[in-house]
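Enquirer: 3D, please:
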Amino acid sequence: MLERSYLFVPGNRPERFDKACAAGADAVIVDLEDAVPPADKQAARDALAAWLSPQQPVLVRINGFESAWFEDDLVLCAVPGVAGIVLPKAEHEAALARLDAAGATAILPLIESGLGLWNAAALARMPRVQRLVFGSIDFSLDLNIQESHETLLHARSQLVLASRVAGIAAPVDGVTTSFDDPVRVHGDTLRARALGFGGKLCIHPKQVAPVHEAFAPTAAELDWAGRVVAAAEAAQGGAVALDGKMVDRPVILIAQQMLEEARRRK
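Expert: Residues are numbered from 1 along each chain as shown. Predicted coordinates:
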């Protein structure tokens with residue numbers, strides 16, 4: 001089942017690992033990069049390695065390809081309990097090939113720069129890449145643009161297109177920095193969903209519920225989907241009409257997918 005929510009937990013706070021896993025997110029990312037000061041990198045890696053268990057798999061955001069800690073972090077790629085690697089500042093195919101060779105079972109490249117977006121189509125086609133992730137804040141900084149839905153529309157659409165062409169899962173949208181505003185989190189997620197994103201990064205457990213709610217079909221949508229499918233079945237392959245409109249095959253498939261997703265989430 002496709003993950004909707006990815007909850008970060010700092011890698012230097014091992015006492016929070018179990019709490020993060022119990023917060024209801026579809027996936028947990030233990031962060032060894034931005035959340036961990038340089039002096040604590042080794043201790044955080046060691047603490048994570050000691051805590052990891054196949055019974056409670058997590059993703060790990062390691063340090064970037066060009067950082068001093070990348071090679072040491074590679075040992076985590078094949079450790080039981082690591083469901084996949086989130087690679088920050090993904091820009092080059094060589095970095096993803098290195099993760100693949102180190103035994104990563106799944107790779108989630110984090111697109112955080114203009115070069116990363118420029119190469120997104122190539123990165124999405126690399127072995128083990130599960131889905132692309134948008135690092136919207138760092139991306140805005142790299143391009144020296146003001147972060148907003150309007151200014152990042154092109155970048156988001158490019159990630160959706162690159163993912164679809166590569167045949168991988170829909171991308172994951174970046175964080176909403178306001179963790180105490182569920183209305184904003186819900187609204188940001190709805191906009192990402194409308195653009196074709198399939199998940200969202202979370203920086204606090206409070207964000208998980210509004211993210212899930214935004215990705216779930218509404219009661220009205222489910223009612224519509226049920227009536228579309230019923231009308232298609234009654235037509236037995238003939239032309240389908242509903243509410244005074246003709247319903248073609250792509251609409252029927254959308255309705256079926258919506259109902260199936262709702263069933264899986266029960």
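
Enquirer: Just the helices from this structure, written as ranges.
Expert: Listed in chain order, the helices of the chain (DSSP state H) span 17-21, 41-51, 70-73, 93-101, 114-118, 120-124, 136-143, 153-166, 182-195, 208-215, 219-235, 249-265.

Enquirer: Of all those, which one is nearest V82?
Expert: Nearest to V82, of all the helices of the chain, is helix 41-51, at 8.9 Å by CB to CB. C-betas here are computed from N, CA, C, even on glycine.

Enquirer: and that closest one, what does it pack onto?
Expert: For helix 41-51, the packing partners by 3 or more CB pairs under 8 Å, 6 or more residues apart in numbering; DSSP states H and E come out as helix 70-73.

Enquirer: Now do the helix it packs on: distance to the chain's middle.
Expert: Offset of helix 70-73 from its chain centre (CA atoms, centre = their mean, to the nearest Å): 23 Å.

Enquirer: likewise stretch 127-146?
Expert: Centroid separation for stretch 127-146 versus its chain: 12 Å, with CA atoms, centre = their mean.

Enquirer: do stretch 43-54 as well
Expert: Taking mean C-alpha positions (CA atoms, centre = their mean), stretch 43-54 and its chain are 23 Å apart.

Enquirer: ditto for stretch 110-125
Expert: Stretch 110-125 sits 15 Å away from the centroid of its parent chain (CA atoms, centre = their mean).

Enquirer: tell me which residues of it are tucked away?
Expert: By neighbour count on 16 or more other CB atoms under 10 Å, the buried set for stretch 110-125 is 110-113, 116-117, 119-121, 123-124.

Enquirer: ditto for stretch 84-93
Expert: Within stretch 84-93, the residues that qualify as buried are 84-92, counting by 16+ other CB under 10 Å.

Enquirer: Ok, stretch 97-112 next?
Expert: Across stretch 97-112, burial judged by 16+ other CB under 10 Å covers 98-100, 104, 107-112.

Enquirer: Report the rounded mean pLDDT for that stretch.
Expert: Stretch 97-112 carries an average pLDDT of 97.

Enquirer: any idea how far that stretch is from the chain center?
Expert: So, by CA atoms, centre = their mean, the centroid of stretch 97-112 is 14 Å from its chain's centroid.

Enquirer: Between the two ends of stretch 198-213, how far is it?
Expert: 13 Å (CA to CA, to the nearest Å).

Enquirer: Buried ones in it, by neighbour count?
Expert: Neighbour-count burial for stretch 198-213 [16+ other CB under 10 Å]: 198-205, 207-212.

Enquirer: Closest one of the buried residues of stretch 110-125 to A166?
Expert: Looking across these and measuring by CB to CB, the closest to A166 is A124, at 3.6 Å.

Enquirer: partners of the residue positioned nearest the centre of the chain in the sheet?
Expert: What sits nearest the mean C-alpha location of the chain, by CA atoms, centre = their mean, is V172, with 2.9 Å. Here V172 sits in beta bridges with V133, G199, going by DSSP bridges.

Enquirer: Next, the contact list for it, please.
Expert: V172 makes contact with 3, 6, 108, 131-134, 197-201 under the criterion CB atoms under 8 Å, 6 or more residues apart in numbering.
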